[in-house]
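Peer 1: Just need the structure, nothing else, for what follows:
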Amino acid sequence: MGHERVVKAEALEEFTDALHVDVPRLPHEPGVYLFKDRLGHVLYVGKARDLQKRVASYVRSTDALSLKTRALLKNASHLEFVVTLNEKEALLLESSLIKRYRPRYNVVLRDDKNYPALRLDPREPYPRLSVVRRFEKDGALYFGPYHAAHALRETLKVLHKVFPLRLCKSSKLIPRDRPCLNYSLGRCFGACAGKVSQEEYQRMVDEVILFLQGKTHTLQGLLKERMHQAAEALDFEKAAFYRDRLQSIEELQESQHIVSTRLVDQDVLGFVQKEDRWTVVVLFVRRGSVVGQKTYHLQEISGNAPEVLASFVQQFYGPGRWIPDEIIVPMELEGHEALEEWLTEVRGKHVRLWAARRGSRRALLDLARKNALEHHRSHAEGSESSDAVLQRIMEIFQLPRLPRLIVCVDISNMTGRHAVGSAVTFVDGRPRPSLYRRFTIRGVAQPDDPAMMAETVERLLAARRQGVPTIDLLVLDGGKSQLHRIVHLLESKGLRDKLPVLALAKEKDKDVGPEGRGFYEKVYVPGRKNPFFLSRHAEVLHFFQRLRDEAHRFAIGGYKHRHRKELLASALDAVKGLGPKRKQALLAHFDDMESLRRATLQELLQVPGIPEPVARNIVEHFQKNRPSKEI
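Peer 2: Have a look, this model is predicted:
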């Protein structure tokens, strides 16, 4: 025991000296601590119920700490801390700092977008279903979220078939002389033209709510009763209508996978950890049925399982995000009580953070872990394959390090107009859309691809300070001229030796080697006169083609968006009463110029912020300027 105390005291002294912090003087108070490197970059943010005890816990024997925690302590230069009033305040501050600094050794979810959901406000005279990505406390009903957009589209398809609520985009119903095409197709009751009473429409809204709440048995009972009433009144057409609706609901029920008898919304977290790789699966269970799942692969994070999962929960849920009745987790999480209190406060309704050990909840955890295991194995195999390709790229082009983060830059324009630069990012051989960037070219007016690419790269490098990670390899979609321009730019910024760069160009018959003729592409590198041909390295060639195609797709999308926006804006310049805000509303409402040009007065009135006089001006403007063939 005496020897152990001496070892711990020596370790504490070494730890204290390395981080320039006096651990015994830290307060026994809740708060947040930050490990920083010599340049002041935040490496890790943690919370603690007792700051002194938590920081001192890093003095444990080296074998007890994870590989990444040891790497964190090795790279850390000093430690800072902030005292908070309580543990919940520490949790909130930790979450805010992680989002702000995106530390290397914390759990940082790249895909943090909100999932789509359905919104319905029953207080409106004629409510409609709309797709939203934020949950507001506005008195409306929200259903979801849906794990994928296609799942939401399928649900809407069924709903519009069974419950023909109005489909017009306006939040308020705008009366029309004649119903729209959806009424003729049987997809709408024609509320805008007075084809359905408000009472009958409200009954259908109540049915939609029961359906989306999962109370299908109650709904089926109501529909059967109405079907029998219609049959007794000899209204066989209405009886058949209710019969068909019943059949559709029964078919939908049969297709659902029931895993629980509890009619509550649950999220189930399963995880697998092997060495420095984590796979977390969130299983979405709604009213006893599995409706989908989301998988996250995490790397280079510090901490044990209770800490990592607690940090994951903090980022996965939050203001504007859907929070279910129960979140089932495989163990007691770090700061369990404070986390549950915070979730309840954000949702405005009690949330149970349930560390299940037996029963049906344990069975759901086993199912989530089984999915996590399969995804982890699949991702590991893919990572091994990607690592082999990246290793080959490093060897062929003699790169100083393994190119784990590759950025490909492309330019899209039409004779210099509407030019857009794009930069797509691949991490460990896989696309990372959250790191994609688009730049509207402002400094080049003439068709000059090298100059446009230089502006894109310069702005990309400036954006790195705002969260774009260190680039291991920069790939240009272009030839020698683009490469020379970017090399000159890097030299002027002192980055020539720090950022490897190469250019990928399509082959031309006059400039190919005997093995590259007719099929293979060429790669230019600085300091080498002749290009590389990858005829003997098909896996590297295919990787570069996939990288280049993704950059081209992203750039083309940006060009089309800018071209369409400027075309619409220029067409509206001569319309009286249209300022920038109203133009923006029209651009957001109509997909293209043709849709706006053919819009009727009633359709224009559905655009928020467009009064009737301005709508009439728009109609008259396009009538005067209509092509002669249409007159």
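Peer 1: hey, where'd the helices end up in the stretch 401-550 of the chain?
Peer 2: With DSSP state H, counting those that start in this stretch, the ranges of helices along the stretch 401-550 of the chain come out as 449-463, 480-492, 538-571.
Peer 1: Which one of the ones you listed lies nearest to residue 580?
Peer 2: The stretch from those with the least distance to residue 580 (Cβ to Cβ) is helix 538-571; that distance is 9.0 Å. Every residue, glycine included, has its C-beta placed from N, CA and C.
Peer 1: buried ones in the following helix or strand past that closest one?
Peer 2: Under the assignment DSSP states H and E, the closest C-terminal helix or strand after helix 538-571 is helix 580-589. With burial defined by 16 or more other Cβ atoms under 10 Å, the residues of helix 580-589 counted as buried are 582, 583, 586, 587, 589.
Peer 1: Show me what helix 580-589 is packed against.
Peer 2: In terms of contacts (3 or more Cβ pairs under 8 Å, 6 or more residues apart in numbering; DSSP states H and E), helix 580-589 is packed against helix 538-571.
Peer 1: Closest one to residue 530 out of the buried residues of helix 580-589, please.
Peer 2: Comparing the buried residues of helix 580-589 against residue 530 with Cβ to Cβ picks out residue 587 as the nearest, at 48.3 Å.
Peer 1: Grab the nearest non-local neighbour of residue 317.
Peer 2: What sits nearest to residue 317 in space, not counting adjacent residues and going by Cβ to Cβ, 6 or more residues apart in numbering, is residue 323, at 5.1 Å.
Peer 1: number of nearby residues for the one you found?
Peer 2: Per other Cβ atoms under 10 Å, the neighbour tally for residue 323 reads 19.
Peer 1: heads up, I number from 47, so please use that
Peer 2: Taking 47 as the first residue, the last one we looked at is residue 369.
Peer 1: and it, what does it touch?
Peer 2: With contact taken as Cβ atoms under 8 Å, 6 or more residues apart in numbering, residue 369 is in contact with 363, 389, 392, 393, 397.
Peer 1: Out of the buried residues of helix 626-635, which one has the lowest pLDDT?
Peer 2: Lowest-confidence member of these: residue 633, scoring 69 (pLDDT).
Peer 1: what's the neighbour count on residue 131?
Peer 2: With other Cβ under 10 Å as criterion, residue 131 counts 10.
Peer 1: Wait, a strand at it?
Peer 2: No: when DSSP: H, G, I helix; E, B strand; the rest coil is applied, residue 131 is found to be coil, with no strand at that position.
Peer 1: OK, contacts around it?
Peer 2: Taking Cβ under 8 Å, 6+ apart as the test, what residue 131 contacts is residue 76.
Peer 1: Tell me how far it lies from residue 76.
Peer 2: Residue 131 sits 8 Å away from residue 76 when distances are taken as Cβ to Cβ, to the nearest Å.
Peer 1: In the stretch 147-296 of the chain, what residue spans correspond to strands?
Peer 2: Listed in chain order, the strands of the stretch 147-296 of the chain (DSSP state E, counting those that start in this stretch) span 163-166, 176-178, 187-189.
Peer 1: Would you tell me which of those strands gets closest to residue 312?
Peer 2: Nearest to residue 312, of the strands of the stretch 147-296 of the chain and by Cβ to Cβ, is strand 187-189 at 15.4 Å.
Peer 1: in the closest one, what's buried?
Peer 2: By 16+ other Cβ under 10 Å, the buried positions in strand 187-189 come out as 187, 188, 189.
Peer 1: min pLDDT across the residues you listed, which one?
Peer 2: For the buried residues of strand 187-189, the model is least confident at residue 189; its pLDDT is 77.
Peer 1: ok, it touching residue 176?
Peer 2: No: because the distance of 11.1 Å does not satisfy Cβ atoms under 8 Å, residue 189 is recorded as not touching residue 176.
Peer 1: between these two, what contacts are shared?
Peer 2: Among the neighbours of residue 189, those also in contact with residue 176 (Cβ under 8 Å, 6+ apart) are 164, 165, 166.
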